[in-house]
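Chemist: Sequence plus the predicted model coming up.
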Amino acid sequence: AVLGSVERMFAVLCEHYGGKWPFWLSPRQVMLIPVHADWNDYCQQIRNKLHNEGFYADVDISKATLNKKIRNAQIAQYNLQLVVG
């Protein structure tokens, strides 16, 4: 019965937030987006600092355009997209 309660609560949260989780609960909190490859190392440093503080942070070091990187972060439901450079 305990697991059923947890499952119901999770279902209520999923329905309420519609996939866009609040920052404190989100598995995708911060996406760092460098404007140029020269900023990749700096973004990695910032990502490491955020991770050490307990945040979930990723860096988009793909060769996609800046607009595409931003759009991908929006589609992936990141709470914050930090453009660096």
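Modeler: Nice, I can see it. Quantities reported herein were computed from a predicted structural model and do not represent experimental measurements.
Chemist: any idea which helix or strand comes after the longest helix along the chain?
Modeler: Under DSSP state H, the helix in the chain containing the largest number of residues is helix 2-17. As assigned by DSSP states H and E, the chain's next helix or strand after helix 2-17 is strand 30-34.
Chemist: With just CA atoms, put the following helix or strand past that next one into PDB.
Modeler: For strand 30-34, the succeeding helix or strand toward the C-terminus, using DSSP H and E, is helix 40-52. C-alpha atoms of helix 40-52 as PDB (Å, rounded to 0.1, in the frame of the first residue of the first chain):
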ATOM      1  CA  ASN A  40      33.800  25.300 -24.200                       C
ATOM      2  CA  ASP A  41      36.400  25.100 -21.500                       C
ATOM      3  CA  TYR A  42      35.000  28.000 -19.500                       C
ATOM      4  CA  CYS A  43      31.500  26.400 -19.700                       C
ATOM      5  CA  GLN A  44      32.900  23.100 -18.400                       C
ATOM      6  CA  GLN A  45      34.400  25.000 -15.500                       C
ATOM      7  CA  ILE A  46      31.100  26.700 -14.700                       C
ATOM      8  CA  ARG A  47      29.300  23.300 -15.100                       C
ATOM      9  CA  ASN A  48      31.700  21.700 -12.600                       C
ATOM     10  CA  LYS A  49      31.200  24.500 -10.100                       C
ATOM     11  CA  LEU A  50      27.400  24.200 -10.400                       C
ATOM     12  CA  HIS A  51      27.600  20.400 -10.100                       C
ATOM     13  CA  ASN A  52      29.700  20.700  -7.000                       C
END
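Chemist: So which bits of helix 40-52 are buried?
Modeler: Asn40, Cys43, Ile46, Arg47, Leu50 (16 or more other CB atoms under 10 Å). Glycine gets a C-beta too; all of them are placed from N, C-alpha and C.
Chemist: Is it possible to get JSON lines of those that adds pLDDT and distance to Pro34?
Modeler: Below are the buried residues of helix 40-52 laid out as JSON lines (pLDDT from 0 to 100; distance: CB to CB, whole Å):
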{"residue": "Asn40", "pLDDT": "96", "distance to Pro34": "5"}
{"residue": "Cys43", "pLDDT": "97", "distance to Pro34": "5"}
{"residue": "Ile46", "pLDDT": "97", "distance to Pro34": "10"}
{"residue": "Arg47", "pLDDT": "97", "distance to Pro34": "11"}
{"residue": "Leu50", "pLDDT": "97", "distance to Pro34": "15"}
